[in-house]
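Student: Just need the structure, nothing else, for what follows:
(2 chains)
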Amino acid sequence: MKVIKLKMRNYIVLLFALALIFSCTDLEEELLDSTTGEELFVQLAVQFEEDPEAAALSVVGPVYGQLTAFLAQDGIYALQEHPSDEMLGPTRGTDWDDGGVWRVLHTHDWDPNHRMVTAAWDGMNVGVARAFFALETFDLSGVTESLPAFVAEAKFMRAYYMFHLIDMFGQVPYQDEAGNAIVVEREEATALAIQDLREAIPALPLKADQEYGRATQGAAKTMLAKYLLNLEVFTGTAATNAQLQEVITLADEVTASGQYAIAEDYFGMFNTDNSANWTSTDEAMIVVENNEDINRGPSHSRVMMTTHYNQKYDIDIIADDPGSPWNGFATVADFYNRWDADGNPGNGVETNDIRFSDESYVDQIGTNRGFLVGQQFDLSGTALEDRNGNPLIYTPEVSLTSAAEPEGVRVLKYSPDQDTPTNDQSDTDFVLLRYSDLVLMKAEAQWRLGQSAEAAATINTIRTVRGVPEITTVSGDGQEVLNERGFELYWEGHRRNDVIRFGTFNDAYSERSASDPFTRLFPIPQGALDTNPNLRQNDGY
Amino acid sequence: MKKFLLVFTLTTLVCSYAVLAQSTVSGKVTDATDGSGLPGVNVIEKGTTNGTVTDFDGNYTLSVSSGATIVFSFVGYTSQETVVGSRSVIDISLETDVTQLSEVVVVGYGVQEKKDITGAVASVDAEQFNRGVINNPAELIQGKVAGVNVVSSSGEPGAGITVQVRGAGSVRANNDPLYVVDGVPLDGRNITPGGTGPVGGGSQSRNPLNFLNPDDIETIDVLKDASATAIYGSRGANGVVIITTKKGASGEGQLSYSGYLSVANIREELDVLDANEYETVLTDLGIAEAGVNLFGGNTDWQDEVFRTAITHSHNVAYGGGTEKTNYRVSLSALDQQGIVENTSLERYTGRINVTQKALDDRLKLDLNMTIGNTQDQAVPIGDRTGFDGDVISLALVSNPTSPVFNEDGTLLQRGDIRNPVALIELVDDKTSATRFLGNIGAEFTIIEGLSYKFNFGLDHSRATRESNFSNLLTFTPGQGDIQYRELNSKTFEHYFNYNKTFGESTLTALAGYSYQEFRNEGHSISATNFTGDILPTNNIDALDNDVRPNVASDAEVNELQSFFGRVTYSLKDKYLLTANFRADGSTRFGEDNEYGFFPAVAVGWRISDEDFMPQGIFTDLKLRLGWGQTGNQELPNKVAGPAFRFDPNQNGIVQDRVANPDLQWETTTQINIGLDFGVLGGRLSGTIDYFNKVTTDLLLRQVPLPPAVATEFWDNLDAEVVNNGIELGLQGVIVDNNDWNVTANVNFALIDNEVKDLNQEIPTGEINGQGLSGVNSQVIRSGESLGAFFLVPFVGFDENGNSVFLDINGEQTTSPLQGDRRIVGSALPDFTWNFTGSVSYKAFDLNFALNASHGNDVYNNTANALFVKSALNNSRNTTVDNAATNESLSSSLQASSRFLEDGSFIRLQIVTLGYIINTEKIPFINSARVYATGQNLFVLTDYTGFDPEVNTDKNVNGVPSLGVDYTSYPRARTFLVGVNLTF
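Tutor: As a prediction, the model looks like this:
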């Protein structure tokens, strides 16, 4: 019995000892799946010693990562398109009302709680912040001088994200010299972004010397031109003649660099394999890189958001059961009719513009690309019906609040990725900025300088490639420039900015009455306003 | 005389110091009237917290210090005290006396006699537990404690359960109480992988406590107010539920068996159009078209997916003991079918509880171990299903003229909608979860009155979910998902208990240290593009072309280090004081706020023991006052400090959220005023409590100050959530004589909830369904209650059948804007009540329980998404009521007050009729009881969905919703027969 007692005592001692070993903590949080900042900077410092370029790439990479904000059909992309005259999201019976979020975009009735307003604000602000973070990291690592091209990339991307904040919200969260969060007004933000671009341009490589999708001198010059053209909207003061002349110079320099050309294959720019096109004959400048190996988000949205449920694509993912699109967005009747080239409105839209329709994909998906109108067919050529058994005939007229399934002309610009394993893993990259945009900016600058014949000639460099008759002049209101931008860049996320700059944003047209000028800026999201005393609500909201 | 006393005292002291002896006393407690053994009698060493309860036959064993006095007490009987002296066997017979009330209540780190309790604490023992098909401990006490609201998220076997003690205090996740099992505070996290497959909109939540066998539970104590819960500090704000499992009784080993068999059905199907009605309605509307919306069949889709479910449960326990050792082992098996085809829950549990005394009884070792394995078979029924539907939504909207099968016997799958039977047959989704919970405790008496206790607890769970989606199913590529989750937590506790009686004063003190570590890790594999009939998860690399399987893993750990103490002081047994304190350090808090401090103090006054009180009116009258501060630290890990990781999607290293070194717990300050009373010779007794509970420093995900590298940032807001409430519990003994016993218990709770000083509006209550993306139904707003519904007011249909709403100016509109929404109701009830009645006559007993809730609204998301007339335009079904309206076929399904319904109800929760069989002539059976139970027999309500008592998880960014119903698994009506035997 004594022995047992002794043992018992031993156990107690052991328990005590165990308890003390295991049960004391300094409450320092242990991270198992990530690392604290300090460790990161130590690792990075070592890497900057060993392989500075690779280290710099890992710092600047996430700045581009935020471009995925443009992927979804219901984020910043929607805000840049739906309020304009080329896209609308009608409520279709039980579908697509979504609490009215689409309707209000068309009628300009959004409020500070609109979820896409918040999504756009957050997406662009994180992009700006990541650029700041990359620049700080370069500074702290002491490589700002030795790796100027990487620094320039971060500055370029900061200016790119800021463009959207300036364009949509006016006020831009920024950091002062000491790293404090401040808010800069529209005019100052514009100046800061232009300064970023001017500093970036000399340090950036040409497209031929740059990896696919990363910043180039051409892209930076194009963004600078864009800022200069938007000066009146952004600062209240119209661009000076010298500034307009600079737009022309920038465009000419980019053209002269030999890195870009107006694409011969218009729809090829929007093909699934478009990442292979980073050549001197391709237009791409900034793209959202999608990758079928990585799920980055709704990379099939541009295909799914528009065509009818029964227009199923032979996507591999759904090998025995083709994927069903969402029957959502249509183009506005006014915009559609603008394509009509034969002067006879009674016979529908007649045009030879290769941008309007492309048959090259019919044998793979059963439908053309571009504008989808009239009876739709499946791959075997059988006429499709809607879910109620009515023929699936897309019509230009579409009711905003109670559209039947086939109402509205659809726009299929990007090709469906037929090898994608899931809907979120399309390989098709989305083009955010391209060369033709710059060419048309040059034309716009020429028109604004009063050089209407030169402007027409510049526009014609595009029109000839697109198979449409040349124009001879640009009228006083610049309508030809705006129209050509629509024909060339439709549904690519530029339209809202364009119609504001041309003063037609608040006009009445199909399914909406004229709106108040204050809607040219979106409201500051309520959540941001509640938590940031430096922000004030934009006028009118 | 004085001299004698002095000598006696000295002798006692000398003896106790010299010997420090403990002796073991055992015996049997019987009813003085009939000599039968009394189970559940409290046996306490006077002036200490040392005690036990008698077993089923009235036997007990207790080790006491020499010279101890033992107090035997039991509700409804006169307490007896007896000095142990040299006896080792003390048999006691208790006289029936309805004037005495005394029980032991488990409080954190110890027990207290109920008469000494100063806080708001309720104790429910096994006798009072709800009976029936129950797979969760919370359901055992549903309706038994005023102010404790237990709501199942759905009727699915093993469904998640929301337990709210005194209302919701937090605006974000986790208003659940802390669960403590045999002294081990549990990690409240879900142990099973959630996640979504390609169909069904996610899965509905499951309860992490399903692994406990309800039959192993002895008592459940609920600590409600801060003066009681402050001993659990930063986890005490939502109340504490203490579960104590059954221990073996000394004496010869006893075998017991309990089991039941039940049959369950859906209580009420929804009244959708049948095939004939459907054809008539479509024809009248002029849209009938064969082959498009009429298919010639006649299918009741609800009949196709619902079934009669059979459940059986078996428990075997064996317990006994010697002077030194007590043990109890048990095994249980439950095989529960769900009322939806192909859903079930199987559970197997085993438990071993051993108590060993050593070193002359100065050392007491406790070992409690349980292991439970649950196997869930689920079908796609989700919280957030969209256009493609889940089993419930498809059973409601599928076209009644569409046959289930083709003529060749294969499943008929149309291109535009899934067949719910196909969804059941072509999806295989099973989860196997095993959880082990064990603790070993050592209590050592250092000197008389001072003991040290060490407790080590281990909680380990691992769960694997395998989901298979056949490629034969419409819109599905053939997918297999395997998800694995493992949770490990360790608990170490050291504490000292001291108690001392001097003069008319009794002092007890507790001081301790506790450390807990929680690890949570998991991984998953998902692959698509399977063909054929194999179960992908059995061979996940068997793909027919180049596949990119998705793999993911995660791991996190958090720690909690605490110091705690308690002092109780009682003077003349009339004036009572309790003070609690805890300091909690958590790795979840920011570096500038490592420790939170949680004090509480409470006083009690037993007025009935005062001389000035006239004799005979009050058998018990006690006033309690308490104040305390508690916390809630249920925020995610890794939000206080910076965390970076490599993300290939973002081309490099990214930061997920912005650090906040000031981050801390939510603080809840609670005042409690309570009165316990007993009148009419104790036949009517009760408790009234008023409380005021104010939660500040609300933990919430915020938008960081841009430019910030992330959009997530956690912060404490200055806003307040205030809960004011009154709780009333009444117990009445109406008749009590040799043959008849009639009792009635009533609980009533009225809680007023308000959010104050919140400088922002927080959306929650997401609405799902086709055309309802991104729509929310609730808002958290200053001046309103949590669970406030924020919707456009619905007026009716105009002459064209379009929905008409009120805009913000009170004008009618058919296309409302988000800005037209206003507060139109609340998910929180005005008041709730429960009534439990029991009648026994000789060997028969009858029990029933009613639960009721009044004034709460439920948002019928199911109706919003499905039951609109435009569904008919899409060849889908709707309800008979909806079809009878003049709603237009092109009307949209704008979320509005149209779908907000009164969720008040009165439910007959349980009726049980039991009979105790006379086993005197059956030699091998000691006792036997048979019973029949009906569960959920009827519900009086105006709510048009399956059941008003529902809480589908519709959180937005982790901010929980309340009172939204969406395609939830309906609750069953169950009939059950069972037997309890001891041998």
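Student: Let me see the contact set for the residue sitting nearest the centre point of chain A.
Tutor: The centroid of chain A falls nearest to A:Phe70 when counting by C-alpha atoms, centre = their mean (3.8 Å). Neighbouring residues of A:Phe70 by C-beta atoms under 8 Å, 6 or more residues apart in numbering or on different chains: A:Ile76, A:Tyr77, A:Gly123, A:Val288, A:Phe430, A:Leu432, A:Gly493. Every residue, glycine included, has its C-beta placed from N, CA and C.
Student: which of those lies closest to B:His312?
Tutor: A:Gly123 (55.0 Å; C-beta to C-beta).
Student: Pass me the low-pLDDT residue ranges in chain A, would you?
Tutor: A:1-24, A:294-295, A:314-323, A:420-424 (pLDDT under 70).
Student: Regarding the one residue in the stretch 501-650 of chain B that gets nearest to chain A, what are the backbone dihedral angles?
Tutor: The minimum distance from the stretch 501-650 of chain B to chain A, using C-beta to the nearest C-beta, falls at B:Gln650 (3.0 Å). Backbone torsions for B:Gln650, taken as degrees, to the nearest 10, come to phi -110, psi 20.
Student: Contact partners for it?
Tutor: A:Gly61, A:Pro62, A:Gly65, A:Gln66, A:Thr68.
Student: Looking at the contacts of A:Phe70, point me to the pair that's furthest apart.
Tutor: Longest span within those, C-beta to C-beta: A:Gly123 and A:Phe430, 14.0 Å.
Student: If we ignore the residues flanking it in sequence, what's nearest residue 402?
Tutor: Chain wasn't specified; assuming chain A. B:Ser890 (4.4 Å; C-beta to C-beta, 6 or more residues apart in numbering or on different chains).
Student: switch to chain B, that's the one I care about
Tutor: Here the residue nearest B:Ser402, using C-beta to C-beta, 6+ apart, is B:Phe295, at 4.5 Å.
Student: residue contacts, the one you found?
Tutor: B:Asn399, B:Thr401, B:Ser402, B:Pro403.
Student: Run a quick neighbour tally on the third one.
Tutor: Close neighbours of B:Ser402, defined as other C-beta atoms under 10 Å in any protein chain shown, add up to 22.
Student: before we move on, the earlier item: can you tell me which of the contacts of A:Phe70 comes closest to B:Val148?
Tutor: A:Gly123 (43.8 Å).
Student: who in the stretch 151-300 of chain B is up against chain A?
Tutor: Within the stretch 151-300 of chain B, the residues that sit near chain A (C-beta under 8 Å from any C-beta of the partner chain) are B:Ile287, B:Glu289, B:Gly291, B:Val292, B:Asn293.
Student: try 7 Å
Tutor: Within the stretch 151-300 of chain B, the positions lying close to chain A (C-beta under 7 Å from any C-beta of the partner chain) are B:Glu289, B:Val292.
Student: which stretches of the stretch 151-300 of chain B have low pLDDT?
Tutor: B:173-174, B:195-205.
Student: show me what contacts residue 333?
Tutor: No chain was given, so I picked chain A. Shown in contact with A:Ala333 (C-beta atoms under 7 Å, 6 or more residues apart in numbering or on different chains): A:Pro396, A:Glu397, A:Val398, A:Ser510.
Student: try chain B instead
Tutor: Per C-beta under 7 Å, 6+ apart, neighbours of B:Ala333: B:His314, B:Tyr348.
Student: Look up which helix or strand it falls in, please.
Tutor: strand B:325-337 (DSSP states H and E).
Student: May I see the buried residues of that strand?
Tutor: For strand B:325-337, burial by neighbour count (16 or more other C-beta atoms under 10 Å in any protein chain shown) applies to B:Thr325, B:Asn326, B:Tyr327, B:Arg328, B:Val329, B:Ser330, B:Ser332, B:Leu334, B:Gln336, B:Gln337.
Student: which ones are touching the fourth one?
Tutor: Same thing as B:Arg328. Contacts of B:Arg328 (C-beta under 7 Å, 6+ apart): B:Lys246, B:Lys247, B:Gly248, B:Ala317, B:Gly319, B:Asn353.
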